[in-house]
Structure formats: structure tokens, C-alpha cells
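Participant: model the structure of this input:
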Amino acid sequence: MSEMKKRLLVLASLVIVMAMMAGCSTTSIQTIGSEKYYVHITEDGEEYETGYEARYEYNVDGYDQDGNTQTLSFTTGHLLKHDAYLRVFYKKKKDEVVYYEEVEKDNVPEKALSEIEK
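Facilitator: Next up is the predicted model:
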């Protein structure tokens, strides 16, 4: 194979790999191996200072799609909206919430919502 073809092949491979990486968000990588729980935010988190900023700690019961419960603790840099529903990604091995995102109430699994509303 000529030197020019080798260079073109390497360049094309790099472009393909970069395009694939651009399509992967860090969120999806971060949540690999985590379990999804759903929570309903009804109160403010407990404020504490880190030395240079205020943070808010939330300790809430989360429910998986089968209605099983798990106590979850996580912090945020801002107060969360009251009456918000969150999908929380939790890694049991580390006992750690790695990510959360707000979801519509309609997107909370039926069994989890039933437990939340008790």
C-alpha cells in the first residue's frame, strides 16, 4: 500500500472515531452500571457551605420501576424545583448518585409513581 493511501486510511479512521465519540455523551458513560430510581422533590435540600459556594444536600426515598425503595443522598449547586420528578442514577457498589435528570410525571413508571404518591 502506498504511503499516501496509508495516511488517508489513518485520517479517515480518526474522523470516524471522533464522530462516534461526539455522539456519546459523558452522561451515558457515567451512568453505565447504575440503577434508575424516581423521586419527587417536595422540600428544599439542606444548605451547607463548601468554603466558596453554597450546596444543597437532598436525602430522599427513590423507587425503581418495580416499586422497590432505596434511600438516596445527593448534592446540588442550586435548589431543585418543588414538585419536580427526577430520574436518579444510583450505583449501589459505591452507594452514590452519579447523575439525575428531571422527567415529566407521565414518564415515571406506574409502580414507582404509586409508591411516591402514598
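
Participant: chain center to the longest strand belonging to the chain: distance?
Facilitator: Counting residues, the longest strand found in the chain (DSSP state E) is strand 54-63. Relative to the chain's own centre, strand 54-63 is displaced by 14 Å; criterion: C-alpha atoms, centre = their mean, to the nearest Å.

Participant: ok, now stretch 86-106?
Facilitator: Taking C-alpha atoms, centre = their mean, one finds the center of stretch 86-106 at 5 Å from the center of the full chain.

Participant: just the helices in this protein please.
Facilitator: Using DSSP state H, the helices of the chain run over 3-23, 26-30, 110-116.

Participant: show me what the last one is packed against.
Facilitator: In terms of contacts (3 or more C-beta pairs under 8 Å, 6 or more residues apart in numbering; DSSP states H and E), helix 110-116 is packed against strand 35-41, strand 54-63. Any C-beta I mention is one placed from the backbone N, CA and C, and that applies to glycine too.

Participant: residue contacts, the residue of the chain most remote from its centre?
Facilitator: If you look at how far each residue of the chain sits from its centre, by C-alpha atoms, centre = their mean, the farthest one is Ser2, at 47.7 Å. Not one residue lies near Ser2 by C-beta atoms under 8 Å, 6 or more residues apart in numbering.

Participant: and it, how far is that from Val108?
Facilitator: Remark: distance between Ser2 and Val108 (C-beta to C-beta, to the nearest Å) = 59 Å.

Participant: name the stretch among the helices of the chain that sits most buried.
Facilitator: For the helices of the chain, the largest average neighbour count (mean count of other C-beta atoms under 10 Å) is found in helix 110-116, namely a mean of 17.

Participant: run through who's touching it.
Facilitator: 37-40, 63-67, 69, 85, 105, 108.

Participant: 6 Å instead?
Facilitator: By C-beta atoms under 6 Å, 6 or more residues apart in numbering, the residues outside helix 110-116 that reach it are 38, 40, 63, 65-67.
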